[in-house]
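Asks: I'll drop the sequence and a predicted model, then ask my questions.
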Amino acid sequence: MKIELRDVRHVYSPGTPFAVEALGGVSLTVEPGEVLGVIGGTGSGKSTLVQHLNLLLLPTSGQVLVDGADALSMDRTALRRRVGLVFQTPEQGLFAPTVEEDVAFAPRRLGLDEGEVRERVREALGLLDAGHLAGRSPFALSGGERRRVAIAGVLAMGPEVLVLDEPTAGLDPTARGDLIGLVVRLKASGVTVVIVSHDLDEVAEVADRVCVLGGGAVRAIGTPADVFYADTSPAPTTVRVAAAVGERRLPGLGRPVRYGETLAALRSAMGGTG
Amino acid sequence: MADPASISCEHLTYSYPGAAPALSGITLEVRAGEYVGVVGPNGGGKSTLVRLLNGLLVADSGHVRVAGFDPAAEPFEVRRRAGVLFQNPDNGLVAPFVEDDVAFGLENLGVERVEMRERVREAIRSVGLTGYERREPHTLSGGEKQRVALAGLLAVGPEILLLDEPTAMLDPAGRGEVLGRVRELRGSRTVLHVTHHLEELFDADRVLVLNGGRLVAAAAPEALFSDADLLRENRLVLPTVPRLASDLGLPFCRTPEELAAAVERRSRDNSGVEAR
């Protein structure tokens, strides 16, 4: 599914002395099957933006289109089933006595038969390498495990688009890597992913396109190479390495962004066998 | 009495009610002026250690001394000598204006007014926020909020700073701001810095690894980051720059500039070999 935001403005507490414009006219398309990275400083409007993708927030003005049709006229529950939103620190929402029950909660409320619910739970936990946790209490898990279970709960709804808001904040490096692996697997299975992150290195590793927000407006959007090489501060570590190499008299590295590309480019710049 | 700006733990053990030990048998010492990192997987015991050091939790067994005091017995003596900067700046800011927030800790110590004003001014200056005195904390960026929280700690004049993932919620600019201020305090304060971002510890004096509630390693950053097995066993991942250096067969590098210089040297050596 394709989601378009057209000139979306969002004002918190409109008509009061506390009115704050968080988005000032954002136009953006989430293409089917892509991984879109959304970056920008604190207060740039990232979280406000992504909550418009399933109309958890309604635009103060402007339009949200889903496959060309006005999302405001659609059934809200059906839309939220198709566009799953994982908030920051989603593990705070875990509540059931076992992981399996927690993940089954939402699909069961969809009115699916029990066999289908079980199947979806198994699949979602499997995607997150969390199948072995099914019988455990969510409260006896590590931070990384709890985060994965919370995400599985959203995946079990079978969304076409998964929105992850800061999915790796506070996780240890291995858990961060595991989550990035999940994004790659989801994309391979046809799910569209929107990932909001402060960690430019992880965005560089998975995003097909990157959108930079600043002051409630889109500052840049394009391929990671176009965006990160147009403005290298701040940029992912790989881009900063390539820029530092470019300042020396060495053959150009091109514009590597992902780790593997950067490693290969550096190898060839060193010449010989390294 | 122990050196005033030092931390020591002996056979420290703590379990949360009804759970396996979060820390078991931790023995460590941090000398005055040292900058020590603490890393390890989620659930490894890092935050529990910080909470035991400032008396938020009381150990089941073992000894703790922070600036010469037992945090369980004399938490207030410890807290004026060891300030904690937590992960989420929103949880710590309480007052309507920045200057009141920075003054909050001092007010609780009953510091006299003129001195208090001077210490608050100096603390705000030292985190680079002069001019922000009358700003409301909720209008600040994440990095600015964390610096306000840091100023509130510094105003009290602690010898020790306990940093519990202070950059986890910040954007890259905010991380840089906070880390820059912490770096300026090096040497003049003892710093224990808990983080998941290993690149923040490249210039630490030592890095401690906590896993499963045990202290499994204590090493200089270079030694830790060169030990692939140790990293893997503790769910640590080499940061991008040293990882590129390692994959290219180059010596340990901290920054993109160091790596670029190493790549240039190697490329010169290689072309020299081919020319001959």
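Replies: Yep, that arrived.
Asks: against chain B, how distant is the closest residue to A:Ala217 other than its chain neighbours?
Replies: Spatial nearest neighbour of A:Ala217, chain neighbours left out: A:Gly24 (5.4 Å); criterion: C-beta to C-beta, 6 or more residues apart in numbering or on different chains. In short, each C-beta sits where N, CA and C put it, glycine included. Remark: distance between A:Gly24 and chain B (C-beta to the nearest C-beta, to the nearest Å) = 17 Å.
Asks: for A:Gly24, grab phi and psi.
Replies: phi -120, psi 50 (degrees, to the nearest 10).
Asks: same check on the one 5 residues further on?
Replies: Backbone geometry at A:Thr29, expressed as degrees, to the nearest 10, gives phi -120, psi 130.
Asks: since we're on it, how many residues are nearby?
Replies: Neighbourhood size, A:Thr29 [other C-beta atoms under 10 Å in any protein chain shown]: 16.
Asks: read off the pLDDT value for it.
Replies: Here, the pLDDT recorded for A:Thr29 equals 98.
Asks: is the longest helix seen in chain B in proximity to chain A?
Replies: The helix that spans the most residues within chain B, counting by DSSP state H, is helix B:256-275. Yes. Judged by C-beta under 8 Å from any C-beta of the partner chain, helix B:256-275 comes into contact with chain A at B:256-257, B:259-261, B:263-264, B:266-267, B:269-271, B:273-274.
Asks: list the buried residues in that helix.
Replies: Neighbour-count burial for helix B:256-275, counted by 16 or more other C-beta atoms under 10 Å in any protein chain shown, picks out B:Pro256, B:Glu257, B:Glu258, B:Leu259, B:Ala260, B:Ala261, B:Ala262, B:Val263, B:Glu264, B:Arg266, B:Ser267.
Asks: for B:Ala204, helix, strand, or coil?
Replies: Going by DSSP: H, G, I helix; E, B strand; the rest coil, the secondary structure assigned to B:Ala204 is coil.
Asks: which stretch of helix or strand covers residue 116?
Replies: Picking chain A for this. Per DSSP states H and E: A:Glu116 is located in helix A:114-127.
Asks: chain B is the one I meant
Replies: B:Met116 belongs to helix B:113-126, assigned by DSSP H and E.
Asks: which secondary structure elements does that helix sit against?
Replies: helix B:98-109, helix B:142-156 (3 or more C-beta pairs under 8 Å, 6 or more residues apart in numbering or on different chains; DSSP states H and E).
Asks: okay, buried residues for it please.
Replies: Quick answer for helix B:113-126 (16+ other C-beta under 10 Å): B:Met116, B:Arg119, B:Val120, B:Ala123, B:Ile124, B:Ser126.
Asks: quick one: residues contacting the first one.
Replies: Under the criterion of C-beta atoms under 8 Å, 6 or more residues apart in numbering or on different chains, the contact list for B:Met116 reads B:Ala103, B:Leu106, B:Glu107.
Asks: rerun at 10 Å
Replies: Residues near B:Met116 by C-beta atoms under 10 Å, 6 or more residues apart in numbering or on different chains: B:Val102, B:Ala103, B:Leu106, B:Glu107, B:Leu109, B:Gly110, B:Ala155.
Asks: my guess is the last one contacts B:Arg121. True?
Replies: Put plainly, it is B:Ala155. Yes. B:Ala155 lies in contact with B:Arg121 (C-beta atoms under 10 Å); the separation is 9.3 Å.
Asks: what do the two both touch?
Replies: Common neighbours of B:Ala155 and B:Arg121 (C-beta under 10 Å, 6+ apart) are B:Val102.
Asks: show me the shaky parts of the chain.
Replies: All of this refers to chain A. Within chain A, the ranges that satisfy pLDDT under 70 run A:272-274.
Asks: should've been chain B
Replies: For chain B, applying pLDDT under 70 flags the ranges B:1-5, B:273-276.
Asks: wait, a strand at A:Gln63?
Replies: Yes. Assignment of A:Gln63 by three-state DSSP places it within a strand.
Asks: look at it and say how many residues are nearby.
Replies: 14.
Asks: how about it: what's its closest non-neighbour residue?
Replies: A:Arg6 (4.3 Å).
Asks: circling back to that earlier point, packing partners of the longest helix of chain B?
Replies: Counting contacts by 3 or more C-beta pairs under 10 Å, 6 or more residues apart in numbering or on different chains; DSSP states H and E, helix B:256-275 packs against helix A:237-246, helix A:259-270, helix B:240-247.
Asks: center of the chain, which residue is that?
Replies: No chain in the question, so chain A it is. In chain A, the residue lying closest to the centroid (C-alpha atoms, centre = their mean) is A:Ile195, at 1.5 Å.
Asks: hm, I was asking about chain B
Replies: A centroid search over chain B (C-alpha atoms, centre = their mean) returns B:His193, at 1.8 Å, as the residue closest to the centre.
Asks: in what helix or strand does that residue lie?
Replies: With DSSP H and E as criterion, B:His193 is part of strand B:190-194.
Asks: any idea which helix or strand comes after that strand?
Replies: Next in sequence after strand B:190-194, counting helices and strands by DSSP H and E, comes strand B:206-211.
Asks: for that following strand, packing partners?
Replies: strand B:21-30, strand B:35-39, helix B:46-53, strand B:190-194, strand B:214-219, helix B:221-225, helix B:228-233.
Asks: quick one: the helices in chain A?
Replies: A:46-50, A:76-82, A:99-109, A:114-127, A:143-155, A:173-188, A:200-206, A:224-230, A:237-246, A:259-270.
Asks: quick one: check the fifth one for contact with chain B.
Replies: Same thing as helix A:143-155. Yes. Contact between helix A:143-155 and chain B, assessed by C-beta under 10 Å from any C-beta of the partner chain, occurs at A:Gly143, A:Gly144, A:Glu145, A:Arg146, A:Arg147.
Asks: could you dump these into TSV with neighbour count added?
Replies: What follows is the residues of helix A:143-155 next to chain B, written out as TSV (neighbours: other C-beta atoms under 10 Å in any protein chain shown):
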residue	neighbour count
A:Gly143	18
A:Gly144	23
A:Glu145	22
A:Arg146	25
A:Arg147	27
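Asks: as TSV, these with distance to A:Gly246 would be great.
Replies: Formatted as TSV, these follow (distance: C-beta to C-beta, whole Å):
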residue	distance to A:Gly246
A:Gly143	39
A:Gly144	36
A:Glu145	42
A:Arg146	42
A:Arg147	37
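Asks: out of these, which is nearest to B:Gly45?
Replies: A:Gly143 (12.4 Å; C-beta to C-beta).
Asks: what residue spans form the domains of chain B?
Replies: Domains of chain B are assigned by automatic domain parsing as B:5-92+B:158-233, B:239-276.
Asks: deepest-packed of these, please.
Replies: domain B:5-92+B:158-233 (a mean of 19; mean count of other C-beta atoms under 10 Å in any protein chain shown).
Asks: chain center to that domain: distance?
Replies: Counting by C-alpha atoms, centre = their mean, to the nearest Å, domain B:5-92+B:158-233 is centred 6 Å from the centre of its parent chain.
Asks: next: stretch A:111-129.
Replies: On C-alpha atoms, centre = their mean, the centre of stretch A:111-129 falls 22 Å from that of its chain.
Asks: near chain B, which residues of the stretch 1-150 of chain A?
Replies: Residues of the stretch 1-150 of chain A found near chain B (C-beta under 10 Å from any C-beta) are A:20, A:39-44, A:46, A:88-89, A:139-147.
Asks: any of these buried? List them.
Replies: Buried positions within these, assessed by neighbour count (16+ other C-beta under 10 Å), are A:39-44, A:46, A:89, A:141-147.
Asks: residues in contact with stretch A:110-129?
Replies: In contact with stretch A:110-129 (C-beta under 10 Å, 6+ apart) are residues A:77-78, A:81, A:99-109, A:130-134, A:145, A:147-158, A:178-179, A:181-182, A:185-186, A:189, A:191.
Asks: what about 6 Å?
Replies: By C-beta atoms under 6 Å, 6 or more residues apart in numbering or on different chains, the surrounding residues in contact with stretch A:110-129 are A:Glu100, A:Val103, A:Ala104, A:Pro107, A:Arg108, A:Gly131, A:Ala134, A:Arg148, A:Ala152, A:Leu155, A:Ala156.
Asks: that concludes my questions; thank you for your assistance.
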